[in-house]
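[1] whatever this is, show me its structure:
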Amino acid sequence: VRELGEAKLDDDLAAIGDFCDLRCHCFAGHAQGTAALADGAAAELQLPASTRRLLRRAAFVHDVGRSGVPAGIWQKPGALTATELERVRMHAYLVERMFSRPEPLARIGVLAAAHHERMDGSGYHRGLSGSLLGAPTRILAAADAYHAMRQPRPHRPSLDPDRATVELRADADAGRLDPVAVDAVLMRHPPRRGWRRTLRTRGSRSRAGCRR
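    Sure thing, here's the model as predicted:
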């Protein structure tokens, strides 16, 4: 079995993410865009190089589980039924299964699968919350949410940067996303005075994770 070097592994994971994005034209560039946001946020927060590398790789493949969900669901312009929404939520579980071994890939898969977890426990697929979500998970969740809002989806138009910023910060204020991770993702959009805070648990209750 050929052993991949670090750079080759990055290239291959990025290619896998790009290929998955082709499943629906509106997803084009989502893997790369999310990875760039997440890596920039991790640098802003001065996370170790090894953590940044793991986060970047997880971002490349965070949505490959979409391949296990019928394309018609992703392309549906209207509201999803309860059954369809449950199928959508399965994509986070599927990416963890796809990267379950060997161990180096398993670490990537576990982080990638957590991109819809939320600070208040309203996310999926494990429903983790607060202290159970490390800084890389919090950053990935914020980066994925922001980049998805900046792209059009069959059920909604894209949001402009100002509106996406308002929406992302609203999720932080409601306790769904970590405010420091949000601030780091929005580092090119200066935050309100006093916005910076330490990574910590937020306790408010909110809606369950939804289709972005």
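[2] only C-alpha atoms from now on, for both contacts and neighbour counts.
    OK.
[3] quick one, helices of the protein?
    6-21, 30-44, 49-61, 71-74, 82-98, 103-112, 135-149, 161-173, 179-185 (DSSP state H).
[4] for the fifth one, what is the distance to the chain centroid?
    Read it as helix 82-98. Taking C-alpha atoms, centre = their mean, to the nearest Å, the mean C-alpha location of helix 82-98 is offset from the chain mean by 14 Å.
[5] packing partners for that helix?
    helix 103-112 (3 or more C-alpha pairs under 8 Å, 6 or more residues apart in numbering; DSSP states H and E).
[6] quick one, which of the helices of the chain is nearest to M119?
    With C-alpha to C-alpha, the closest approach to M119 among the helices of the chain belongs to helix 135-149: 8.0 Å.
[7] mind checking the pLDDT average for the closest one?
    Taken as a whole, helix 135-149 has a mean pLDDT of 97.
[8] next, the buried residues of it.
    135-149 (16 or more other C-alpha atoms under 10 Å).
[9] one more: stretch 110-120?
    V110, L111, A112, A113, A114, H115, H116, E117, R118, M119, D120.
[10] also stretch 16-33?
    16-21, 23, 26-33.
[11] what of stretch 169-189?
    Result for stretch 169-189 [16+ other C-alpha under 10 Å]: buried residues 169, 171-172, 174-186.
[12] can you give me the mean pLDDT across that stretch?
    93.
[13] roughly how far out does that stretch sit from the chain middle?
    For stretch 169-189 - counting by C-alpha atoms, centre = their mean - the centre lies 13 Å from the chain centre.
[14] count the residues that sit near T34.
    Around T34 there are 27 other residues, counting by other C-alpha atoms under 10 Å.
[15] to clarify, my last question referred to V61.
    Around V61 there are 29 residues (other C-alpha under 10 Å).
[16] shaky segments in the chain?
    1-4, 188-211 (pLDDT under 70).
[17] so which of the buried residues of stretch 110-120 is the closest to R52?
    The closest of the buried residues of stretch 110-120, once distances to R52 are taken by C-alpha to C-alpha, is L111, at 12.0 Å.
[18] need the contact list for H62.
    Counting by C-alpha atoms under 8 Å, 6 or more residues apart in numbering, H62 touches G17, A31, A92, V95, G109, A112, A113, H115.
[19] take these and lay them out in JSON lines including distance to L9.
    JSON lines is the format used below for the contacts of H62 (distance: C-alpha to C-alpha, whole Å):
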{"residue": "G17", "distance to L9": "12"}
{"residue": "A31", "distance to L9": "15"}
{"residue": "A92", "distance to L9": "21"}
{"residue": "V95", "distance to L9": "17"}
{"residue": "G109", "distance to L9": "14"}
{"residue": "A112", "distance to L9": "15"}
{"residue": "A113", "distance to L9": "19"}
{"residue": "H115", "distance to L9": "21"}
